[in-house]
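Asks: Pasting a predicted model and its sequence here:
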Amino acid sequence: MNRAAALASHVEVHVNFYPARSVQILVLLMVLGACGTCANPGVDTAIEERAIRELEARWSQAAQARDIAAFVSFFAEDGIQLQPNRPPLIGRQAIEEATRQAMTPNVSLSFEPVEIVVSRSRDIAYDRGTYHLRIDAPAGRVEDHGSYLVVWKKVNGEWNAAVDIFNSHVPAPAR
């Protein structure tokens, strides 16, 4: 199974929740996967991959420092964040409002990429990684870990997160 098919099967789960946006993401991932399989020895994407890896490190540092303005600045103005169990957050302002509510002093978040794939055109990429979340609540510590996928696009020569989606690896509590 190629990378595009693997990602497509992962994203397919979300189609029922956000049909229009999920189909767009699915098509984008398939195009990115196809671009990654085409041979073009004249294109070196390693520089762009390193740039995104460095951005991810700074983005995670902003989360760990609970610097909301810095955290949100990594998103494109029209960026989208797809969080579990809620409608999509569309636009930097909506993402900032949700982040402000979630990123309180008792919250610790870190993440790092596992794989970064840059298109041959070097203006769109995605990265897949893992996150770790800890919340010190009055009832005790809650820990979560899971996976994320970020689609990056270049805006005026700078990489911005166009779409960010994450999901937990921790089973939901029984009802």
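Replies: Great, that's in hand.

Asks: Could I get the full set of helices for the protein?
Replies: Secondary structure of the chain (DSSP state H): helices at 3-11, 19-37, 46-64, 68-73, 92-102.

Asks: Tell me where this protein is predicted with low confidence.
Replies: Residue ranges of the chain with pLDDT under 70: 1-42.

Asks: try 90
Replies: Filtered on pLDDT under 90, the chain yields the residue ranges 1-44, 172-175.

Asks: looking just at contacts, which helices and strands does the longest strand belonging to it meet?
Replies: Counting residues, the longest strand found in the chain (DSSP state E) is strand 140-155. If contacts are counted by 3 or more Cβ pairs under 8 Å, 6 or more residues apart in numbering; DSSP states H and E, strand 140-155 sits against helix 3-11, helix 19-37, strand 75-82, strand 124-137, strand 158-168. All C-beta spots, glycine's among them, are computed from the backbone N, C-alpha and C.

Asks: I'd say Thr45 and Ser121 touch.
Replies: No - assessed by Cβ atoms under 8 Å, Thr45 is found out of contact with Ser121, at 9.5 Å.

Asks: out of the two, which sits in the more crowded spot?
Replies: Per other Cβ atoms under 10 Å, whichever of Thr45 and Ser121 has more neighbours is Thr45, with 19 against 11.

Asks: which residue sits closest to the more buried one, ignoring its sequence neighbours?
Replies: Excluding the flanking residues, the one nearest Thr45 by Cβ to Cβ, 6 or more residues apart in numbering is Val118, at 3.8 Å.

Asks: Repeat that for Arg122.
Replies: Glu48 (5.1 Å).

Asks: and the gap between the one you found and Gly157?
Replies: 11 Å (Cβ to Cβ, to the nearest Å).

Asks: Between these two, which is the more surrounded one?
Replies: Remark: of Glu48 and Gly157, Glu48 carries more neighbours, 20 against 6, as counted by other Cβ under 10 Å.

Asks: quick one: contacts for that one?
Replies: Residues in contact with Glu48 (Cβ atoms under 8 Å, 6 or more residues apart in numbering) are Val118, Arg122, Ala125, Trp159.
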